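Q: After the sequence you'll find the predicted model.
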2 protein chains.
Amino acid sequence: MKLTDYKQPSVTTDIVIFTIREDELKVLLVKRGIEPFKDKWAIPGGFAKFNESLDDAAKRELEEETGMKDVYLEQLYTFGKVDRDPRGRVITVSYMALVNSDKINLKASTDVKEAKWFNVKKLPSLAFDHKEILEYSLKRLKWKFEYTLVGFSLLPDKFRISELQNIYEIVFDKKFDKRNFSKKVHSLNILKEVGIVKDVNFRPPKLYKLKSNVSEIVNII
Amino acid sequence: MKLTDYKQPSVTTDIVIFTIREDELKVLLVKRGIEPFKDKWAIPGGFAKFNESLDDAAKRELEEETGMKDVYLEQLYTFGKVDRDPRGRVITVSYMALVNSDKINLKASTDVKEAKWFNVKKLPSLAFDHKEILEYSLKRLKWKFEYTLVGFSLLPDKFRISELQNIYEIVFDKKFDKRNFSKKVHSLNILKEVGIVKDVNFRPPKLYKLKSNVSEIVNII
DNA sequence: ACAAAAGTGTTGAGAGTACACCCATGC
DNA sequence: GCATGGGTGTACTCTCAACACTTTTGT
């Protein structure tokens, strides 16, 4: 029996790309330029090439959409219902990326008319089962924020405590007490002071970097 | 462009089946009857059929190996390196199952010479990238035990507290204080008393059932 | 002096951990 | 009465949550 004796499903990777802009948690969606679901919004993604790993396929898609490399990227879940794509049997391996949106250059491609950031609380109707994928991603995102240090990947290299707190407040959609937040972060012993902000018309805040040798799993909130 | 214009990877599901026997955490492995890796131990699995969902494929594999249905089954991670299978491009969607091993009837099949339970601390050399898959599964298993109630799926319907504690001690490979363990479990308010054990030559222990309306995420240890 | 955000300490409640003795049964 | 596992309470520590005022800078 050879591999080609089996009629095989097609495999795509879909990348849920999160960022924070305008003090909101946003996700990148693309408007489809082709059928099926032409003109519907969808999570960016595409077919995995035969000779590239799934991780590489996800990285490639991410770079095609945003021009960014070397960002936080994590596999989430593989969606494999038989009828999830009207073109035929397609399974999709979903990934989540966290990007610092300042540097991003959105691109269009042949299959895509338009790409746009959407507030995760104000999503349009989505193609395929992408609503389900997005809901799953949001849960995982919050989990990751609570138990690991991924939050730092949304910040520039040097940041102030208030910027860090702001990101947590946006993702969890609630306010934290700044004394408790600061105390907790400092007690983790993961930050290094690297200067202060200048030219602000208030007390100059300290700037921090994440220490380089920090282990991944830390309960931050 | 049609789906069939893409040369597609093949898709398998592999099921890491855990149980507790002889006071040890064990995993079910099969000895391969065919090439590649003939006579090597491997995680049970197989090709997903074209018209069955990934979850259904995993359930089918599980039933083929163990004869069991309706057990705890969860998708873990999808392994997609280009060279992970010498036969060609194969990606595998891994699943984890937790079974109560009393009822199990191991079966052999055409592709499999032999199936056997292995202590997770004494594993043989494994085919493909199955070592990596198993290590990942073990991490996830421990995580799930810590933060959810999956542990109960390794127990019979009615159980005593000491049996529950025993399972946690085996999975985490450490002892817990029985006063604290009992206090914690009772404080969660997830158990219902359903009788006592008879015919034991010591103080008869109470039997419990998991309450039916219990929500999933509970930090148990 | 005023506006703006930065920075910082104390207290109380609840959860987790350490620890040892008596109880109910069968033989 | 003895062997076996079952069942239970207290004290300490640590973490989390609530809460408000002073500091530093630019204008």
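A: On my side now, so go ahead.
Q: Touching the helix or strand bottoming out on mean pLDDT in chain A from outside, list them.
A: Lowest on mean pLDDT, DSSP states H and E among the helices and strands of chain A sits strand A:112-119, with a mean of 88. Defining contact as Cβ atoms under 8 Å, 6 or more residues apart in numbering or on different chains, one finds that strand A:112-119 is touched by A:19, A:21, A:24-33, A:39, A:41, A:44, A:65, A:101, A:106-108, A:124. Quick note: C-beta positions are derived from backbone N, CA and C, even for glycine.
Q: Weed out the non-buried ones from these.
A: Applying a neighbour-count criterion of 16 or more other Cβ atoms under 10 Å in any protein chain shown, the buried members of the contacts of strand A:112-119 are A:19, A:25-32, A:41, A:44, A:65, A:101.
Q: Which secondary structure elements does the strand or helix carrying residue A:96 sit against?
A: Here residue A:96 is covered by strand A:90-98, with elements defined by DSSP states H and E. Contact analysis of strand A:90-98 by 3 or more Cβ pairs under 8 Å, 6 or more residues apart in numbering or on different chains; DSSP states H and E lists strand A:10-21, helix A:54-66, strand A:72-79, helix A:130-147 as its packing neighbours.
Q: can you list the buried ones among the contacts of strand A:112-119 in JSON lines and add secondary structure?
A: Written out in JSON lines, the entries for the buried ones among the contacts of strand A:112-119 read as follows (DSSP: H, G, I helix; E, B strand; the rest coil):
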{"residue": "A:19", "secondary structure": "strand"}
{"residue": "A:25", "secondary structure": "strand"}
{"residue": "A:26", "secondary structure": "strand"}
{"residue": "A:27", "secondary structure": "strand"}
{"residue": "A:28", "secondary structure": "strand"}
{"residue": "A:29", "secondary structure": "strand"}
{"residue": "A:30", "secondary structure": "strand"}
{"residue": "A:31", "secondary structure": "strand"}
{"residue": "A:32", "secondary structure": "strand"}
{"residue": "A:41", "secondary structure": "strand"}
{"residue": "A:44", "secondary structure": "coil"}
{"residue": "A:65", "secondary structure": "helix"}
{"residue": "A:101", "secondary structure": "helix"}
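Q: Contacting DNA strand C as well, which ones from the residues you listed?
A: When the buried ones among the contacts of strand A:112-119 are filtered against DNA strand C using Cβ under 7 Å from any atom of the strand, no residues are retained.
Q: Output these as TSV; include the columns distance to residue A:195.
A: Putting the buried ones among the contacts of strand A:112-119 into TSV (distance: Cβ to Cβ, whole Å) gives the following:
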residue	distance to residue A:195
A:19	25
A:25	28
A:26	29
A:27	33
A:28	32
A:29	37
A:30	39
A:31	43
A:32	46
A:41	42
A:44	37
A:65	34
A:101	24
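Q: Quick check: the two most widely separated of those?
A: Within those, two members stand farthest from each other by Cβ to Cβ: A:25 and A:32, at 23.2 Å.
Q: Can you list the low-confidence ranges for chain A?
A: Filtered on pLDDT under 70, chain A yields the residue ranges A:1-6, A:103, A:107-111, A:215-221.
Q: how about 80 then?
A: Low-confidence segments of chain A, defined by pLDDT under 80: A:1-7, A:101-113, A:213, A:215-221.
Q: Contact residues of chain A facing DNA strand D?
A: By the criterion of Cβ under 7 Å from any atom of the strand, the positions of chain A lying close to DNA strand D are A:177-180, A:184, A:198-204, A:219.
Q: So which of those residues belong to helices?
A: In helices, judged by DSSP state H, the following of those are found: A:178-180, A:184.
Q: Partner strands of the strand holding residue A:96 and their direction?
A: Listed by DSSP bridges, the sheet partners of strand A:90-98 and their directions read strand A:10-21 (parallel), strand A:72-79 (antiparallel).
Q: can you pull the alpha-carbon coordinates of the shortest one into PDB?
A: Extracted as PDB, the C-alpha positions of strand A:72-79 are listed here (Å, rounded to 0.1, in the frame of the first residue of the first chain):
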ATOM      1  CA  TYR A  72       5.700  35.300  18.300                       C
ATOM      2  CA  LEU A  73       4.000  32.400  16.500                       C
ATOM      3  CA  GLU A  74       2.400  29.400  18.000                       C
ATOM      4  CA  GLN A  75       0.300  26.500  16.700                       C
ATOM      5  CA  LEU A  76      -3.200  26.300  18.100                       C
ATOM      6  CA  TYR A  77      -5.500  23.600  16.900                       C
ATOM      7  CA  THR A  78      -6.300  21.700  13.800                       C
ATOM      8  CA  PHE A  79      -9.800  22.000  12.500                       C
END
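Q: Cool, thanks, talk later.
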